[in-house]
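Enquirer: from the sequence below, what's the structure:
(2 chains)
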2 protein chains.
Amino acid sequence: MKTKTKYAVGVDLGGTNIKLGLVSENGKIIRKHSVATDASKGPQKVIENIKKGIHDILLASGVEIEGIGIGCPGTVNPLKGTVENPPNLPGWGKVNIGRAVSVEFEKVVYIENDANAAAIGELIFGNGVRYDSFIMITLGTGVGGGIVMNKRIYRGEFSAAGEVGHISINYKGPKCNCGSYGCIEAYIGNKYLTERVKKDLRNKKSPLLFKLINNNYNLLTPRKIKEAADKGDEYSIQVIKDTGLKLGAALASLTNVLDIPTYIIGGGVSGFGKPLFDSIKESLKERVMKPNKSRIKVIPAKLKNEAGIKGASALVFHGF
Amino acid sequence: MKTKTKYAVGVDLGGTNIKLGLVSENGKIIRKHSVATDASKGPQKVIENIKKGIHDILLASGVEIEGIGIGCPGTVNPLKGTVENPPNLPGWGKVNIGRAVSVEFEKVVYIENDANAAAIGELIFGNGVRYDSFIMITLGTGVGGGIVMNKRIYRGEFSAAGEVGHISINYKGPKCNCGSYGCIEAYIGNKYLTERVKKDLRNKKSPLLFKLINNNYNLLTPRKIKEAADKGDEYSIQVIKDTGLKLGAALASLTNVLDIPTYIIGGGVSGFGKPLFDSIKESLKERVMKPNKSRIKVIPAKLKNEAGIKGASALVFHGF
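Expert: Sure, this is the predicted structure:
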């Protein structure tokens, strides 16, 4: 007898867009959808948009779901369903998204920090399947982290653990958005990284890269930098190498403390590809303490842009 | 009916001396003893010395013990009883101390990393009693760390976790013994710290401190620096402040990742006292991410020099 396939809706709440997916229990995305976040209009409007997105996707598919999983930026309390101070959603304070959504749909709703949701996605459906413990790093606008210990998310005492982006590699370094100095995010977060490259382009450090973006700074992306590096552009090669060296330095400190030597790395900046992964590995192996040098693994994420949606949907079936 | 008090021998294996104690189940040291380590004569001689010390203390007290606990430097595998590459015991490789000692005394023998043993001492008998989770920092020759999560030692995947001294605060900083750069140990480990102060004294940075050590660099200790600071010596005050600022920077990265905001700090350099603790707290609160700013606690260790012995003996009764 064939058992009926089960489905969940996975929601990836970003600062600009809310991405949604109808996902089967074994991680297949049946239908995708996206609505604007309207972050500037405040939490009530954003919650309306989430509800609208879910209604849209349920209506279009006509499928019965087991529940809803939502990945959000900020400090999330998965038991209470609350989100606190999400960095890209101004004016939120503490908001109970979980309750608002579960009342609307009369379904179980799981809330998780977005970096943790990406880690869960890799753990259940991606390149984390074969590991008991690993650390997921998402190189996006910021630098996110999700710590998986023995197949579970490590949350810390107050559900605020895993802020890998705010490991400082230089206590006198550049000021970070979080208020500290020299955080790895303040060097290689996409926002900071592209600002630095733009400045260098203004100073004519790479005519080739400048040409590749049609002299238009708004077109500068990690992919363009990789394209220039692939064409042999020394400046772009150096940017990628330097990104890996710095991330490797932060991860060496992390490995020495946590003794979890497996890293899975995703997000836009990871699109730098092999030269980045080689540089991270080299820097990590040079810096980490001896017993872990031979154990270091740096692996690309498998789920790419779908890690958030798939990870959020996995919450429903695996209940993290 | 009064139950008979139970006893264990706690052993603190150091690079210079082996400290031993006969300790009751409730943490009272009945008898103390110390023998030379003879580290330069290799592991077999050191193990002979440990056995000799235990025989001495058992003979002198005539008490029946439940077992023996040993705290060692290096990577310890508590299940196998092995110690690997202890930094201050040259030429060790991997040695099974546990088996050698248990065969000799026909008792259960527990082996633990020395920083973890100190953490266990504080957890069972010291200032960690009232916390479920905390991080113990031992400011000695090096900077040791023991992570307590939910009343258990966190070991990581390969029993190498907790190396707080090798969080780098400057990826281009001074070379550390471990091979990396800018580790907090390379700034504030007693060995590095006193070397730096000696150099400054040669450059006449503090005539008062120079006088306090009778112009004899061998007498320079954290206690002397504290004495000079207490007398208003600006240089010494600055050394203590700077130690706290740097340690706070390392612990901010750690807090952001682990979300365990309680620190218990012991070891010789913690003898700098209140000005050091104030400086650590200030630096940590400035640098840690917002949700944890109000939760930060920096507490002195209670057990002082006896943390190692008491922690090791606690292994026998609490089986970590």
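
Enquirer: which helix or which strand is home to the residue in the stretch 101-250 of chain A that chain B sits nearest to?
Expert: Nearest residue of the stretch 101-250 of chain A to chain B, counting by Cβ to the nearest Cβ: A:Gly156, 2.4 Å away. C-beta: built from backbone N, CA, C; applies to glycine. Assigned by DSSP states H and E, A:Gly156 belongs to neither a helix nor a strand.

Enquirer: need the nearest residue in space to it, chain neighbours excluded.
Expert: Closest residue to A:Gly156 apart from its sequence neighbours, by Cβ to Cβ, 6 or more residues apart in numbering or on different chains: B:Asp259 at 2.4 Å.

Enquirer: what's near enough to touch the residue of the stretch 101-250 of chain A closest to chain B?
Expert: Taking Cβ atoms under 8 Å, 6 or more residues apart in numbering or on different chains, we find A:Gly156 in contact with A:Gly162, B:Leu258, B:Asp259, B:Ile260.

Enquirer: any figure for the gap between the last one and B:Ile137?
Expert: Just to be clear, that refers to B:Ile260. From B:Ile260 across to B:Ile137, the span is 12 Å (Cβ to Cβ, to the nearest Å).

Enquirer: again, but for A:Arg155
Expert: 23 Å.

Enquirer: okay, and the spatially most central residue of chain A sits in which element?
Expert: By Cα atoms, centre = their mean, the mean C-alpha position of chain A lies nearest to A:Thr138, the distance being 3.7 Å. Element membership for A:Thr138 (DSSP H and E) is strand A:134-139.

Enquirer: higher neighbour count, B:Ile260 and B:Ile137?
Expert: Here B:Ile260 and B:Ile137 are set side by side on neighbour count (other Cβ atoms under 10 Å in any protein chain shown), and the busier one is B:Ile137, at 30 against 23.

Enquirer: what's the closest non-adjacent residue to that one?
Expert: B:Ile137 sits nearest to B:Ile265 (Cβ to Cβ, 6+ apart), 4.7 Å away.

Enquirer: helix or strand right after the helix or strand harbouring the one you found?
Expert: If you go by DSSP H and E, B:Ile265 is part of strand B:262-266. Downstream of strand B:262-266, the first helix or strand assigned by DSSP H and E is helix B:274-287.

Enquirer: now do the buried residues in that next one.
Expert: By 16 or more other Cβ atoms under 10 Å in any protein chain shown, the buried positions in helix B:274-287 come out as B:Pro275, B:Leu276, B:Phe277, B:Ser279, B:Ile280, B:Lys281, B:Glu282, B:Ser283, B:Leu284, B:Lys285, B:Arg287.

Enquirer: got it, and stretch A:93-103?
Expert: Neighbour-count burial for stretch A:93-103, counted by 16+ other Cβ under 10 Å, picks out A:Val95, A:Asn96, A:Ile97, A:Gly98, A:Ala100, A:Val101, A:Ser102.

Enquirer: distance from it to the middle of the chain?
Expert: Offset of stretch A:93-103 from its chain centre (Cα atoms, centre = their mean, to the nearest Å): 22 Å.

Enquirer: same question for stretch A:297-309.
Expert: 9 Å.

Enquirer: and the end-to-end length of it?
Expert: Taking Cα to Cα, to the nearest Å, the first and last residues of stretch A:297-309 lie 25 Å apart.

Enquirer: next, see if it gets close to chain B.
Expert: No - with Cβ under 8 Å from any Cβ of the partner chain as the criterion, chain B is not reached by stretch A:297-309; the gap is at least 11.4 Å.

Enquirer: ok, back up a step: and the angle from the strand holding A:Thr138 to strand A:262-266?
Expert: Orientation of strand A:134-139 against strand A:262-266 (axes from the mean of the first three to the mean of the last three Cα atoms, to 10 degrees) gives an angle of 30 degrees.

Enquirer: state the mean pLDDT of the following helix or strand past strand A:134-139.
Expert: Proceeding N to C from strand A:134-139, the next assigned helix or strand is strand A:143-149, under DSSP H and E. Computed over strand A:143-149, the mean pLDDT rounds to 96.

Enquirer: just the C-alphas of strand A:143-149, formatted as PDB.
Expert: What follows is strand A:143-149, C-alpha atoms only, in PDB (Å, rounded to 0.1, in the frame of the first residue of the first chain):
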ATOM      1  CA  VAL A 143      27.300  36.300   7.600                       C
ATOM      2  CA  GLY A 144      25.000  33.800   9.300                       C
ATOM      3  CA  GLY A 145      25.700  30.700  11.200                       C
ATOM      4  CA  GLY A 146      23.800  27.600  12.300                       C
ATOM      5  CA  ILE A 147      25.500  25.100  14.600                       C
ATOM      6  CA  VAL A 148      24.400  21.400  14.300                       C
ATOM      7  CA  MET A 149      25.500  19.200  17.200                       C
END
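
Enquirer: and the helix or strand just after it, how far out from the chain's middle?
Expert: For strand A:143-149, the following helix or strand on the C-terminal side (DSSP H and E) is strand A:152-153. Relative to its parent chain, strand A:152-153 has a centroid offset of 16 Å by Cα atoms, centre = their mean.

Enquirer: of the buried residues of stretch A:93-103, which belong to strands?
Expert: A:Val95, A:Asn96 (DSSP state E).

Enquirer: identify, from the buried residues of stretch A:93-103, the entry nearest to chain B.
Expert: For these, the residue nearest chain B by Cβ to the nearest Cβ is A:Val95; the value is 14.8 Å.

Enquirer: isn't that closest one right up against A:Gly42?
Expert: No - look at A:Val95 against A:Gly42 with Cβ atoms under 8 Å: they stay out of range, at 9.6 Å.

Enquirer: A:Thr37 and A:Glu48 touch, don't they?
Expert: No - checked against Cβ under 8 Å, the pair A:Thr37 and A:Glu48 is beyond contact range at 10.9 Å.

Enquirer: in terms of neighbours, single out the busier of these two.
Expert: Taking neighbours as other Cβ under 10 Å, A:Thr37 and A:Glu48 compare with A:Thr37 leading, 21 against 15.

Enquirer: residues contacting that one?
Expert: A:Leu13, A:Gly14, A:Gly15, A:Thr16, A:Asn17, A:Ile18, A:Val46, A:Asn49, A:Leu89.

Enquirer: list the buried ones in the longest helix seen in chain A?
Expert: When chain A is parsed with DSSP state H, its longest helix is helix A:234-258. When neighbours are counted by 16+ other Cβ under 10 Å, the buried residues of helix A:234-258 are found to be A:235-237, A:239-258.

Enquirer: what ranges does chain A have for its helices?
Expert: Under DSSP H, chain A gives helices at A:43-61, A:97-105, A:114-125, A:185-188, A:190-202, A:207-212, A:222-230, A:234-258, A:274-287, A:290-293, A:307-318.

Enquirer: what's the closest of the ones you listed to B:Lys226?
Expert: Comparing these by their distance to B:Lys226 (Cβ to Cβ), the top pick is helix A:234-258, with 28.6 Å.

Enquirer: what packs against that closest one?
Expert: Judged by 3 or more Cβ pairs under 8 Å, 6 or more residues apart in numbering or on different chains; DSSP states H and E, the packing partners of helix A:234-258 are strand A:134-139, helix A:185-188, helix A:190-202, helix A:207-212, helix A:222-230, helix A:274-287, helix B:234-258.

Enquirer: would CSV of those with distance to B:Lys80 be doable?
Expert: Output for those, formatted as CSV (distance: least, Cβ to Cβ, whole Å):
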stretch, distance to B:Lys80
strand A:134-139, 25
helix A:185-188, 40
helix A:190-202, 45
helix A:207-212, 54
helix A:222-230, 45
helix A:274-287, 26
helix B:234-258, 27
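
Enquirer: now the ones you listed in CSV, with distance to B:Thr75 and mean pLDDT?
Expert: Shown next, in CSV, are those (distance: least, Cβ to Cβ, whole Å; pLDDT from 0 to 100):
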stretch, distance to B:Thr75, mean pLDDT
strand A:134-139, 20, 96
helix A:185-188, 31, 96
helix A:190-202, 36, 94
helix A:207-212, 45, 96
helix A:222-230, 38, 96
helix A:274-287, 17, 98
helix B:234-258, 20, 98
